[in-house]
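>>> how would this look folded up:
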Amino acid sequence: MAEPQVDLKKNNQVSVVRYDPSKGYPSGEDLYYECPLCHYWLISKPRDYSEAECECGHLSIDIDWGRFSVKDHKLEPALLRLSPSKS
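Below is the predicted model:
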């Protein structure tokens, strides 16, 4: 697992957000999608293409058009809301 992913998972409180994929994929600065295959946390509003795909390629975001793609819709990602842990 990439070092930023370890820090992200260790330094934040996480809550699961319910959503309906048939109505679209929510996005926000504090929202991440967890890939059901590689467990990578993909930020829902990537700043550049280096942040726009999970490690296995199952989830990706076209940042120019704002399109979220899932290769197999039988394996929908979990939507997570992150907030900084209180130390």
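>>> next one: the residue positioned nearest the centre of the chain from S50, what distance?
The centroid of the chain falls nearest to Y33 when counting by Cα atoms, centre = their mean (2.4 Å). Applying Cβ to Cβ, to the nearest Å, the value for Y33 to S50 is 16 Å. C-beta here means a position set from N, CA and C on the backbone, and glycine is covered the same way.
>>> ok, back up a step: ok, the residue nearest to the centre of the chain - contacts?
Taking Cβ atoms under 8 Å, 6 or more residues apart in numbering, we find Y33 in contact with 25, 41-42, 44, 54, 59, 68, 77-80.
>>> can you add secondary structure and give those residues back as JSON lines?
Formatted as JSON lines, these follow (DSSP: H, G, I helix; E, B strand; the rest coil):
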{"residue": "Y25", "secondary structure": "coil"}
{"residue": "W41", "secondary structure": "strand"}
{"residue": "L42", "secondary structure": "strand"}
{"residue": "S44", "secondary structure": "coil"}
{"residue": "C54", "secondary structure": "coil"}
{"residue": "L59", "secondary structure": "strand"}
{"residue": "F68", "secondary structure": "strand"}
{"residue": "P77", "secondary structure": "coil"}
{"residue": "A78", "secondary structure": "strand"}
{"residue": "L79", "secondary structure": "strand"}
{"residue": "L80", "secondary structure": "strand"}
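>>> for the protein, just list every one of the helices.
Along the chain, the stretches classed as helices by DSSP state H are 3-10.
>>> so where's it shaky on pLDDT?
Filtered on pLDDT under 70, the chain yields the residue ranges 1-3, 87.
>>> can you give me the strands for it?
Ranges of strands within the chain are 12-17, 31-34, 41-43, 59-62, 67-70, 78-84, based on DSSP state E.
>>> between those strands, which one is closest to Q5.
strand 41-43 (6.2 Å; Cβ to Cβ).
>>> list the buried ones in the closest one?
Neighbour-count burial for strand 41-43, counted by 16 or more other Cβ atoms under 10 Å, picks out 41-43.
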